[in-house]
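> structure here, sequence nowhere to be found:
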């Protein structure tokens, strides 16, 4: 059974930092891309960041570029999201996701392309 476990969320003041972790188990995702999405209160789920299998290719949503960094560990089954300079508008539930089908030539940014999801971790940024 595939399981994605997110951790690292919490309450932080604006301008602060948090690091989210997502550990995959139940299947070898060593060559799959992994991504982070978030869902802010009352809004649709939106793309945050994605990494290819070895971290050599990454993509970010415009609203987090320059502030968030996605990385993967050497075993390729854990993905991290380093979040710096947090803003109140970053408050959301953050989800880790993995696609079933993927291309080595592009990273998907729409939630429909991902079928494995974690339970989410809450990030609250106080202003």
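Alright, I've got the coordinates. The shown structure was predicted, so the numbers you read here are calculated from the model rather than taken from an experiment. Numbering: from 1, shown residues only.

> every contact and neighbour count from this point should use C-alpha atoms.
OK.

> is residue 71 in a helix, a strand, or coil?
Taking DSSP: H, G, I helix; E, B strand; the rest coil as the rule, one finds residue 71 in the strand state.

> contacts only, for it.
Residues in contact with residue 71, defined by CA atoms under 8 Å, 6 or more residues apart in numbering, are 51, 55, 79, 80, 81.

> from the residues you listed, which two are the most distant?
55 and 81 (12.1 Å; CA to CA).

> more neighbours, these two?
Neighbours were tallied for residue 55 and for residue 81 using other CA atoms under 10 Å; the higher tally belongs to residue 81 (23 against 17).

> that one sits in which helix or strand?
According to DSSP states H and E, residue 81 maps onto strand 78-83.

> distance between that strand and the chain's centre?
7 Å (CA atoms, centre = their mean, to the nearest Å).

> can you check stretch 38-55 too?
For stretch 38-55, the distance to the chain centre is 5 Å (CA atoms, centre = their mean).

> now do the contacts for the most centrally placed residue in the chain.
In the chain, the residue lying closest to the centroid (CA atoms, centre = their mean) is residue 36, at 1.9 Å. Taking CA under 8 Å, 6+ apart, we find residue 36 in contact with 47, 48, 49, 50, 81, 94, 95, 96, 97.

> so what's the last one closest to, chain neighbours aside?
Read that as residue 97. Take residue 97 and drop its neighbours on the chain: the residue closest to it by CA to CA, 6 or more residues apart in numbering is residue 117, 4.6 Å away.

> what's the distance between residue 19 and residue 79?
10 Å (CA to CA, to the nearest Å).

> between these two, who's got more neighbours?
residue 79 (27 against 16).
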